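Enquirer: Quick one: sequence and predicted model below, then my questions.
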Amino acid sequence: MQGRPRMTDLDAWIGRSEERIDTLDPARSNALLAALGDARRVERGDLLPALHHWVHFWPVLSPAETGPDGHPRKGGFLPPVPLPRRMWAGGQLAFQTPLRLGEEVRRRSTVSAIEEKTGRSGRLVFVTVRHELHGPSGLAIEERQDLVYREAGGAAAEGPLAEGIGPETRRVETDPVLLFRYSALTMNSHRIHYDLPYARQEESYPALVVQGPLQATILAAEAERLLGAPPTTFEFRGVSAALCGAPLAIHASSEAPGARLWSVQDGRVRMTARAAARAAD
């Protein structure tokens with residue numbers, strides 16, 4: 001179709017890399033723990049809680065570098081996919097060596113794949129980004145991040161009914177304050193998480209959208225509680241959008257060699273996850 005960039009044009013972004021260096025700040029982890037109602041407090045030298053590296057390596061951009069949806073403008077590190085809606089669809093992490101608060105960490109990010117598909121909502125483009133985080137002891141975290149771009153129009157379809165899954169282990173209330181705090185801690189300016197008129201009128205959601213990484217962080221913390229140890233691997237997949245204002249029920253069950261987890265809202269699955277821990281000696 002005339003005017004539509006070809007996938008071969010986007011292939012030029014495969015292999016594109018960038019590096020960032022940050023110091024793991026206890027204050028950021030404590031702010032996230034407090035926002036989630038977790039009474040724990042961490043100090044310099046303590047282990048970085050699972051997925052708390054996401055409140056580091058901020059994508060600090062000027063207004064000129066930010067698109068109308070709040071995301072970075074297209075065509076920088078990420079490819080200029082010609083579709084207006086972007087979501088973090090899921091990911092997979094392997095934790096190799098521990099990271100401790102106060103350490104300086106280097107993250108190398110690489111666009112590893114771009115794939116076009118057709119789904120129920122129309123044309124989709126999936127972009128895979130791989131991150132490697134190196135601390136003082138070497139490679140610490142290997143991460144795959146799955147982004148999905150889709151056409152404008154109706155919001156994504158509802159997820160499946162939550163039938164036959166593990167027991168509910170905790171409940172998390174969602175409200176605009178929690179979403180605001182998480183967006184601020186991750187420097188995420190996507191407007192669907194804080195701008196209700198935009199979420200409704202531009203992206204067809206009935207309410208603000210709960211961040212996928214926020215759900216994943218909650219599930220990873222529940223996995224650590226269930227396993228009795230920090231996970232060595234964690235993978236998650238967004239199934240359908242969770243909306244602000246209704247509680248998220250967290251479900252979990254043991255599954256050798258780890259655990260399976262789900263977030264459920266209004267009786268429907270919103271995110272699934274699996275975690276594993278190192279076997280005891």
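Expert: Alright, I've got the coordinates.
Enquirer: Buried residues of stretch 267-281, list them for me.
Expert: Taking 16 or more other C-beta atoms under 10 Å as the neighbour-count basis, stretch 267-281 is seen to contain the buried residues 269, 270, 271, 272, 273, 274, 275, 276, 277. No exception for glycine: its C-beta is placed from N, CA and C like everyone else's.
Enquirer: Tabulate those residues (TSV), appending secondary structure, pLDDT and distance to residue 175.
Expert: As requested, these are arranged in TSV below (DSSP: H, G, I helix; E, B strand; the rest coil; pLDDT from 0 to 100; distance: C-beta to C-beta, whole Å):
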residue	secondary structure	pLDDT	distance to residue 175
269	strand	96	21
270	strand	96	16
271	strand	97	18
272	strand	97	24
273	strand	97	23
274	strand	97	28
275	strand	97	27
276	strand	96	32
277	coil	88	32
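Enquirer: Could you single out the nearest of those to residue 97?
Expert: Distance to residue 97 across the buried residues of stretch 267-281 (C-beta to C-beta) is lowest for residue 277, with 15.1 Å.
Enquirer: and that closest one, what is it in contact with?
Expert: Listed by C-beta atoms under 8 Å, 6 or more residues apart in numbering, the contact partners of residue 277 are 227, 228, 229, 230, 231, 232, 257, 258.
Enquirer: Tell me how far it lies from residue 50.
Expert: As judged by C-beta to C-beta, to the nearest Å, residue 277 and residue 50 stand 11 Å apart.
Enquirer: Report the set of residues contacting both of the two.
Expert: By the contact definition C-beta under 8 Å, 6+ apart, residue 277 and residue 50 are jointly contacted by 230, 231.
Enquirer: how near is residue 229 to residue 90?
Expert: According to C-beta to C-beta, residue 229 stands 23 Å off from residue 90.
Enquirer: what about those two, which has more around it?
Expert: Summary of the neighbour comparison: residue 229 and residue 90, criterion other C-beta atoms under 10 Å, with residue 90 having more neighbours (20 against 14).
Enquirer: what helix or strand does the more buried one sit in?
Expert: Element membership for residue 90, per DSSP states H and E: strand 85-95.
Enquirer: what pairs with that strand, and is each one parallel or antiparallel?
Expert: Strand partners for strand 85-95, identified by DSSP bridges, are recorded as strand 138-150 (antiparallel), strand 233-238 (antiparallel).
Enquirer: Report the next helix or strand after the first one in sequence order.
Expert: Just to be clear, that refers to strand 138-150. Beyond strand 138-150 on the C-terminal side, the first helix or strand identified by DSSP H and E is strand 168-172.
Enquirer: Let's see the first helix or strand past that following strand going along the chain as PDB, backbone CA atoms only.
Expert: On the C-terminal side of strand 168-172, the nearest following helix or strand under DSSP H and E is helix 176-186. Output in PDB follows, covering the C-alpha atoms of helix 176-186 (Å, rounded to 0.1, in the frame of the first residue of the first chain):
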ATOM      1  CA  PRO A 176      -4.600   6.700  39.900                       C
ATOM      2  CA  VAL A 177      -2.100   7.300  42.700                       C
ATOM      3  CA  LEU A 178      -0.500   3.900  42.300                       C
ATOM      4  CA  LEU A 179      -0.300   4.300  38.500                       C
ATOM      5  CA  PHE A 180       1.100   7.800  38.800                       C
ATOM      6  CA  ARG A 181       3.800   6.700  41.200                       C
ATOM      7  CA  TYR A 182       4.900   3.800  39.000                       C
ATOM      8  CA  SER A 183       4.900   6.000  35.900                       C
ATOM      9  CA  ALA A 184       7.000   8.500  37.800                       C
ATOM     10  CA  LEU A 185       9.400   5.900  39.100                       C
ATOM     11  CA  THR A 186      10.000   4.500  35.700                       C
END
